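Peer 1: Whatever this is, show me its structure:
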Amino acid sequence: MKNYALVTGSADRIGKAVALHLAEQGYSLLLHYNSSAEKAQKVKDEIDSLGNGVNAKLLQFNFLEENDFDEMFEDLKRENVTLDILVNCASDFVPSNFEMIGSKLLDKELDINFKNAYLLTKAFARVYGKGNIINFIDTKVTKNKTVHLDYILSKKLLQEFTKISAVELAPNFRVNGIAPGLILPPEGEDESYLLNLAQKIPLKTIGNLEEITKAVQYILDSHFFTGQTLFIDGGEHLV
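Peer 2: Next up is the predicted model:
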């Protein structure tokens, strides 16, 4: 029986796919959600139904509030939960540009997309002392032209933090990133939306959740691999 993996934003989309994949590989799961309790419960039920002996626990916390992750991990440790993997997958994707006044949205994007991954990483390192960390970034971090100004700034920061963490926490931790491209359409759009965008990238096609989980597994299996970002994007980061 393998130890636990914590996946933030595990109730839906990429986070859900990663959580289910890890459960199928024999990891027990800490399933983080904020407001999607019903969806998170369905993911837990799906994991419970695998029948392979893994456990799944729900963890609710709001990234826009103050959270004591050291205390959370210490409590889990007292419950004999040994955490091997942290996947920072929770994300907020909101359009913004230079015409918008103030920094309220920037603060929100930084909190959700960077600050809590930063805090969870440090608490994981302090409490558990060794493990594997995967940060979900975005292929758009390679661009300097964007209609998601605040979001991209937060993800660029997360990519730099991934590299710094890989150095500072080695050799007891490996820290890597995955930068998805055209994988899932945004809310309100369908696959044709992505296929239209795909005509502008080298491979002129779209990816899927299986490509993401293969990247997760590659990182976990590759013990000489740290500080890297895997671009799962059909070459989008190159153009």
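
Peer 1: Would you map the helices across the chain?
Peer 2: 13-24, 37-48, 69-78, 104-110, 116-128, 149-168, 191-198, 209-221 (DSSP state H).

Peer 1: List the buried residues in the third one.
Peer 2: What that stands for is helix 69-78. Within helix 69-78, the residues scored as buried using 16 or more other CB atoms under 10 Å are 69, 72-73, 76. In short, each C-beta sits where N, CA and C put it, glycine included.

Peer 1: Take the helices of the chain and write them to CSV, including mean pLDDT and distance to Asn88.
Peer 2: CSV is the format used below for the helices of the chain (pLDDT from 0 to 100; distance: least, CB to CB, whole Å):
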stretch, mean pLDDT, distance to Asn88
helix 13-24, 97, 10
helix 37-48, 96, 17
helix 69-78, 97, 12
helix 104-110, 95, 14
helix 116-128, 98, 4
helix 149-168, 97, 8
helix 191-198, 95, 24
helix 209-221, 98, 12
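
Peer 1: Now render these as a markdown table, adding distance to Phe136.
Peer 2: Formatted as a markdown table, the helices of the chain follow (distance: least, CB to CB, whole Å):
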| stretch | distance to Phe136 |
| --- | --- |
| helix 13-24 | 7 |
| helix 37-48 | 17 |
| helix 69-78 | 18 |
| helix 104-110 | 14 |
| helix 116-128 | 9 |
| helix 149-168 | 8 |
| helix 191-198 | 18 |
| helix 209-221 | 9 |
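
Peer 1: what is the mean pLDDT for stretch 169-178?
Peer 2: Averaged across stretch 169-178, pLDDT comes to 98.

Peer 1: what about that stretch, how long is it end to end?
Peer 2: End-to-end span of stretch 169-178 (CA to CA, to the nearest Å): 19 Å.

Peer 1: Sounds good, over and out.
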